[in-house]
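[1] Generate a structure from the sequence data that follows.
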Amino acid sequence: MKEGLKREIGTWGLSANIVNLIVGAGIFVIPAIVAEGLGPASIIAYLFCGLLIMLIMLCFAEVGSKLTQSGGAYSYIEIAFGRYFGFLTVNFFILGATIMADAAVANALAGTLAYFMPVFKMEGVRIPFFILVFSGLALINIKGVKQGITLVILTTIAKLTPLILLVLLGVSKISISNLAWDSIPSTNDLGKVSLILFFAFQGAETALTTGGEMKNPQKTIPKGILISISFVILLYVTIQLVAQGILGASLSGFKEAPLAEVAKHILGPIGVTLILVGSAISMFGFLSGDILNMPRVIYSAARDKVIRPFSLGKIHKKHATPYLAIILYSAMGCFFAITGEFKQLAILSSASVLLIYLGVALAFIKLRLDKKDETGSFKVWGGYTVPVVSILIILWVLSKLTTNEIVGIVSFAGILTAIYLIMKFLKVKKGNG
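    Residues are numbered from 1 along each chain as shown. Down below sits the predicted model:
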């Protein structure tokens, strides 16, 4: 499909984009939460979740190498199962998974800056700050995907530097006794912790929304996924080992900033500043990555006439970017950042991502059964083993949701279904008229 978009993203650009989207604010706090549940055995949860996300991303790799237009998961599911499921996906993706998360991260970024400059606690400062951040990132991405991906690469390097330094400098200060297991964790405990930790591995799917702007996507997508996910697993495991090895049983007591406490033990006050700055850069990088990627979902849905207005599918004549979709997405993120925090939607957001993963795994099976293939596309080994195992894993993780959370998700899907049916009815009525 010819979309009019420039193919400028290579393997390393995609890899940096994925790492940037996965390694967000979560890794700066998650070690304490995992340690509280599993103690020194936390490493099991990281390896387990790493395996899960690798399997799921292999599904993305095969489907993404066949369907190379922009849109990512939305395009995959819409092509495999039709417009209704495409409509659900794009709305779960945008409304349920990302905009609320962006708003929360923007508030967290302002809170981090307030640690150094208390003026950021004032409403009169926070609002202009949010407008500046979202409008600035929108402008950068409107000027071109090349500029957007360059910013992503730079922020990825900047936020990874303090984490890698923490690992390299902290290895020599690890106390082996702090890593000794008192007991083997139960399956139930592993499941509960994995449900929380799995959220820290999400985000790679968003990078695939730029499929229409990748060089040689049949090779770039699988290579980018394998390189980035392997790196993230290694990074997370070593960070947890260093944090546990230095702080021991006290790690679970520093839930707000465990890595800052680790850095304090290694480098003193300088270490705390380094980690807090890294945390701020990480949050900014998360926002820059989402504003690069998510407008492509809106663009693709409008292009395919799944959502209105269809003008959101327009491409800028000079910069060849989906500028109207970028402006809308940034404005919505800014609005919700200004109007409040959305902690109550965090579980709904995470569950939305898992449902999208489920849809892609099912699309993998459907496309193989339909023998929809393209010459040179990446093909996962083992037949249907990877998607089937992925589906079982996702259902198991979703089973850890509470009854109220499940009701909330089903209700959201019901509302979207009603909207879809109304839109379809009005379209038919207009056609008959």
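[2] Skip the chain neighbours and tell me the closest residue to residue 98.
    Leaving aside its sequence neighbours, residue 98 sits nearest to residue 294 (C-beta to C-beta, 6 or more residues apart in numbering; 5.3 Å). Using the backbone N, CA and C atoms, a C-beta is placed for each residue, glycine as well.
[3] Just say helix, strand or coil for that neighbour.
    At residue 294 the chain is in helix, as set by DSSP: H, G, I helix; E, B strand; the rest coil.
[4] Pretty sure residue 29 sits against residue 257.
    Yes: counting by C-beta atoms under 8 Å, residue 29 touches residue 257, with 6.9 Å between them.
[5] What is the burial count for residue 128?
    The number of residues packed near residue 128 is 10, by other C-beta atoms under 10 Å.
[6] Mind listing what's buried along the strand or helix carrying it?
    Here residue 128, judged by DSSP states H and E, is contained in helix 123-142. Neighbour counts over helix 123-142 (16 or more other C-beta atoms under 10 Å) mark 125-126, 129-130, 133-134, 137-138, 140-142 as buried.
[7] Just name whatever secondary elements the helix or strand of the chain at the bottom of the mean pLDDT ranking is in contact with.
    Averaged element by element with mean pLDDT, DSSP states H and E, the chain has its least confident helix or strand at helix 204-207 (a mean of 71). Other helices and strands packing on helix 204-207, by 3 or more C-beta pairs under 8 Å, 6 or more residues apart in numbering; DSSP states H and E, are helix 11-22, helix 42-66, helix 217-247, helix 269-303, helix 346-369.
[8] and residue 410, which of the ones you listed is closest to it?
    With C-beta to C-beta, the closest approach to residue 410 among these belongs to helix 346-369: 10.5 Å.
[9] That closest one packs against which elements?
    Other elements packing on helix 346-369 under the criterion 3+ C-beta pairs under 8 Å, 6+ apart are helix 42-66, helix 73-81, helix 83-91, helix 99-116, helix 204-207, helix 385-398, helix 403-432.
[10] list the buried ones in it?
    By neighbour count on 16+ other C-beta under 10 Å, the buried set for helix 346-369 is 347-364, 366-368.
[11] What about residue 180, how many residues nearby?
    10.
[12] scratch that, residue 291 is what I was asking about
    So residue 291, with other C-beta under 10 Å, has 26 neighbours.
[13] What does the pLDDT read for it?
    Residue 291 is assigned 80 on the pLDDT scale.
[14] and for the helix holding residue 128, what are the contacting residues?
    With contacts defined as C-beta atoms under 8 Å, 6 or more residues apart in numbering, helix 123-142 is touched by 106-107, 109-110, 113, 119-120, 147-148, 151, 284, 287-288, 291-292, 295, 316, 319, 321, 323, 326-327, 329-331, 333-334, 337-338.
[15] weakest of the helices and strands packed on helix 346-369 in terms of mean pLDDT?
    The minimum mean pLDDT among those belongs to helix 204-207 (a mean of 71).
[16] Centre of the chain to that one, how far?
    Chain-centre distance of helix 204-207: 6 Å, with C-alpha atoms, centre = their mean, to the nearest Å.
[17] Could you list the alpha-carbon positions for it in PDB?
    Taking C-alpha atoms only, helix 204-207 is exported to PDB below (Å, rounded to 0.1, in the frame of the first residue of the first chain):
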ATOM      1  CA  ALA A 204       7.000  -2.200  22.200                       C
ATOM      2  CA  GLU A 205       3.800  -2.500  20.200                       C
ATOM      3  CA  THR A 206       3.500   1.200  20.000                       C
ATOM      4  CA  ALA A 207       6.700   1.500  18.000                       C
END
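[18] Restricting to C-alpha, output the helix holding residue 128 in CSV.
    The C-alpha trace of helix 123-142 is given here as CSV (Å, rounded to 0.1, in the frame of the first residue of the first chain):
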residue,chain,number,x,y,z
GLU,A,123,-0.9,25.3,39.2
GLY,A,124,0.1,28.5,37.4
VAL,A,125,3.4,26.9,36.5
ARG,A,126,2.3,23.4,35.7
ILE,A,127,-0.4,24.3,33.1
PRO,A,128,2.0,26.4,30.9
PHE,A,129,4.6,23.6,31.4
PHE,A,130,2.2,21.0,30.1
ILE,A,131,1.3,23.2,27.1
LEU,A,132,4.9,23.7,26.3
VAL,A,133,5.8,20.0,26.5
PHE,A,134,3.0,18.7,24.4
SER,A,135,3.0,21.5,21.8
GLY,A,136,6.8,21.3,21.5
LEU,A,137,6.8,17.6,20.9
ALA,A,138,3.9,17.9,18.5
LEU,A,139,5.9,20.6,16.5
ILE,A,140,9.0,18.4,16.3
ASN,A,141,7.0,15.4,15.0
ILE,A,142,5.1,17.4,12.5
